[in-house]
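A.B. asks: starting from these lines, generate the structure:
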Amino acid sequence: MQRIIAPSVLSADFGHLERDIRMLNDSRAEWIHIDVMDGVFVPNISFGFPVMKPIRQASPKFMDVHLMIIDPEKYVERFVEAGSNLVTFHLEATKEPRKCIDLIRKAGAKVGISIKPATPIEELREWLPDIDLVLVMSVEPGFGGQSFMPHSIEKVAGIRKMAETLNPNLMIEVDGGISSKNARLLFDAGAEALVAGSAVFKAADPRQEIINMLNA
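C.D. replies: This is a model prediction of the structure:
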C-alpha cells in the first residue's frame, strides 16, 4: 500500500503562505490538504475559493479539499472549478450524499466522505462502492492542534476490512493529531494518506518531519 502525507495549510503561516507552499513543493508530501470550515457545521471559520486559487497557481501538487460545511452539495462543483483534485464532504453535514457524490464526479474530481469520531463506520457501508476515499477524523473537526484519539486506529482497520469486498481500491485518509509518533500505527491499520498540520508546520525541519512520517 502507498503512503501519502497531506500537510494541512490551515497550520501554515498565512503571513508567509507562498513561502510555505514552496516548501511543500520541495518536500516529499504528495498532497496539499485544504480545510474549509463554515462556522456552522464546525465552530470555526477558515478559507474558501479566494485562498484556494493562489494555492492552486503556486503548486502543481494534488489538492485535497476537506469540506466541513453544511449543505456541501451547494458548493462542491465550485471547489472543483477552483482546482480541487479530491473533494471530501462530511456524511453528517448533508441530507443528500448521493447528490454530492454525483456532482463531484461529474465535475471531474475524486470523491471522498468524512466521518466525525463518534460516527459509526457502518454508516459508510452504503456509499463505499461509489467513492474514492474515506477520511477518518481522529479529532473533533474544526480546530488544529488537538490530541489524537487512539480508537481511530480501530476505525481505520474496520473500514479497510469493509472495503475488501465493497471497494478494494478505496483509499483511507486520517486527519487529526497525526505525527511521526502514530503514523506507523495508522499505515499498518490500512490508512494510505495522513493529514498533518501542526506536526509539519511547527517542526524545526518540516521537510524532515514529512520524511519521518513516511518512514515511520
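A.B. asks: where does the most centrally placed residue in the chain sit, in terms of helix or strand?
C.D. replies: Centroid-nearest residue in the chain: His66, 5.3 Å away (criterion: Cα atoms, centre = their mean). Mapping His66 onto the secondary structure by DSSP states H and E places it in strand 62-68.
A.B. asks: ok, the residue nearest to the centre of the chain - contacts?
C.D. replies: His66 makes contacts with His33, Ile34, Asp35, Val36, Thr88, Gly112, Ser114, Leu135, Asp175, Val195, as judged by Cβ atoms under 8 Å, 6 or more residues apart in numbering. (Each C-beta comes from the backbone N, C-alpha and C, glycine too.)
A.B. asks: just how off-centre is the lowest-mean-pLDDT helix or strand in the chain within its chain?
C.D. replies: Averaged element by element with mean pLDDT, DSSP states H and E, the chain has its least confident helix or strand at helix 49-58 (a mean of 89). Remark: helix 49-58 is offset 17 Å from the chain centroid, using Cα atoms, centre = their mean, to the nearest Å.
A.B. asks: just checking, what packs against that helix?
C.D. replies: Judged by 3 or more Cβ pairs under 8 Å, 6 or more residues apart in numbering; DSSP states H and E, the packing partners of helix 49-58 are helix 17-25, strand 31-37, strand 62-68, helix 76-81.
A.B. asks: neighbour-wise, which one of the contacts of His66 leads?
C.D. replies: Neighbour counts for these (other Cβ atoms under 10 Å) peak at Thr88, which has 30 neighbours.
A.B. asks: show me what it is bridged to.
C.D. replies: Counting by DSSP bridges, Thr88 is bridged to His66, Gly112.
A.B. asks: from Asp13, how far off is it?
C.D. replies: 25 Å (Cβ to Cβ, to the nearest Å).
A.B. asks: likewise for Pro97?
C.D. replies: 35 Å.
A.B. asks: so between these two, which is more surrounded?
C.D. replies: Taking neighbours as other Cβ under 10 Å, Pro97 and Asp13 compare with Pro97 leading, 22 against 10.
A.B. asks: low-confidence regions, this structure specifically.
C.D. replies: 143-145 (pLDDT under 70).
A.B. asks: recalculate using a threshold of 80.
C.D. replies: Applying pLDDT under 80 to the chain flags the ranges 142-146.
A.B. asks: would you list every one of the strands in it?
C.D. replies: 4-7, 31-37, 62-68, 86-90, 110-115, 133-137, 171-175, 193-196 (DSSP state E).
A.B. asks: so which of the ones you listed is the most surrounded?
C.D. replies: strand 86-90 (a mean of 29; mean count of other Cβ atoms under 10 Å).
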